[in-house]
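quick one, structure for this:
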Amino acid sequence: MMNFSKNLRFLRKQSKHSQQELANHLGYRSFTTIQKWEDGSSQPPYNVIQQIAKLYQVNVEEIMSNDLEKMNPINIPILGTVRGGEPILATQNILGYENITLDESKGGDYFYLEVVGDSMKNARIMPGDILYVRQQNSLNSGDIGIILLDDEATVKRIIYKKDKMILQPENEDYQPLVLSDQDIRNRNVQILGKVIHNKIKY
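Next up, the predicted model:
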C-alpha cells in the first residue's frame, strides 16, 4: 500500500478530477476523505480501491504497488524555430519530447523551445539549450518570455515603459527593440509564453 496515496493523487490529477468530484463518484460526502487517502493518514477499504482502479482503468496491484507516475511520464514537445506564420505547436516544428512529472505540469499548458542565437547569453540561455515555457498571452515587466515577432518566435526579457514594450536582450552585442502600439500591430507581436526554466546544453 506504500504507493497507493501517491498513485491516487497522480491518477486523479491526470484525469483532471477534483477531490470533491472523486468523493462524489465513490459516494462520499466530503473531499476530506480523499485528502486523507492522498496524504496517507487513512486508507480506503479494499472494495473502494477496486472501484478506484476500475475508474482509472488500472488493476488493483498496480495502484497499490507500482509507481505509476514514473511508468507514465508526461511528454512535452520540444519545438524548433518557428517561421513563416506557422502555429507555435505545429507538427513540423516538433524536434522531440521531454518527460516531466505531474507537479511540473501544474497550472497550465507547456512546451519546450530550443534556443537559436546568443542574444540571451548573460541570462545563461545559450544556443542549443531548451526552455520550459508556460503558454500565456501576457507577461509582467521583467519576465523572460517567448514573443512572436514578424511571425518568428524570439526569447527576450520584456519591459514595459509608459506606452512602449521593450524586448530586452541579455547580451551587450544586441540592442533592445522598442515597440510602440503601432509597431505591435504592424509586426504582429504576440506573447506566446513565460520561460519557467532552462535545460542547459553543455
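
show me the contacts for the residue lying closest to residue 65 once chain neighbours are set aside.
If you skip the residues right next to it in sequence, residue 65 has residue 3 as its closest partner in space, 6.0 Å away by CB to CB, 6 or more residues apart in numbering. For glycine as for every other residue, the C-beta is placed from the backbone atoms N, C-alpha and C. Residue 3 sits next to 63, 64, 65, 66, 67, 68 when contact means CB atoms under 8 Å, 6 or more residues apart in numbering.

okay, and which of the residues you listed map to helices?
By the criterion of DSSP state H, membership of the contacts of residue 3 in helices covers 63, 64, 65, 68.

related to what we said a few turns ago, from the contacts of residue 3, which single one is nearest residue 147?
Proximity of those to residue 147 (CB to CB) peaks at residue 68, which lies at 37.4 Å.

doesn't residue 9 make contact with that closest one?
No. At 10.0 Å, residue 68 and residue 9 do not qualify as touching, with contact defined as CB atoms under 8 Å.

any idea which helix or strand comes after the worst-scoring helix or strand of the chain on mean pLDDT?
The weakest-scoring helix or strand in the chain, judged by mean pLDDT, DSSP states H and E, is helix 68-71 (a mean of 77). Following the chain from helix 68-71 toward its C-terminal end, the next helix or strand by DSSP states H and E is strand 74-79.

what's that next one in contact with?
Outside of strand 74-79, the residues that reach it under the criterion CB under 8 Å, 6+ apart are 88-89, 93-102, 104-105, 110-114, 130, 132, 153.

pull out the buried residues from that strand.
Neighbour-count burial for strand 74-79, counted by 16 or more other CB atoms under 10 Å, picks out 76, 77, 78, 79.

relative to the following helix or strand past that strand, what are the paired strands and their orientations?
Toward the C-terminal end, the helix or strand that comes next after strand 74-79 (DSSP H and E) is strand 94-100. Strand 94-100 has the following sheet partners, assigned by DSSP bridges: strand 74-79 (antiparallel).

spatially central residue for this structure, please.
Closest residue to the average C-alpha location of the chain: residue 110 at 3.0 Å, with CA atoms, centre = their mean.

how does the protein divide up, domain by domain?
Split into domains by automatic domain parsing, the chain comes to 4-71, 75-199.

worst average pLDDT in the ones you listed?
Out of these, the stretch the model trusts least by mean pLDDT is domain 75-199, with a mean of 86.

ramachandran coordinates for residue 33?
Dihedral angles phi and psi of residue 33 (degrees, to the nearest 10) take the values phi -60, psi -50.

in stretch 165-174, what's buried?
Buried positions in stretch 165-174, judged by neighbour count with 16+ other CB under 10 Å: 165, 167, 168, 169, 170, 174.

so which of the residues you listed sit within strands?
Among these, the ones falling in strands (DSSP state E) are 165, 167, 168.
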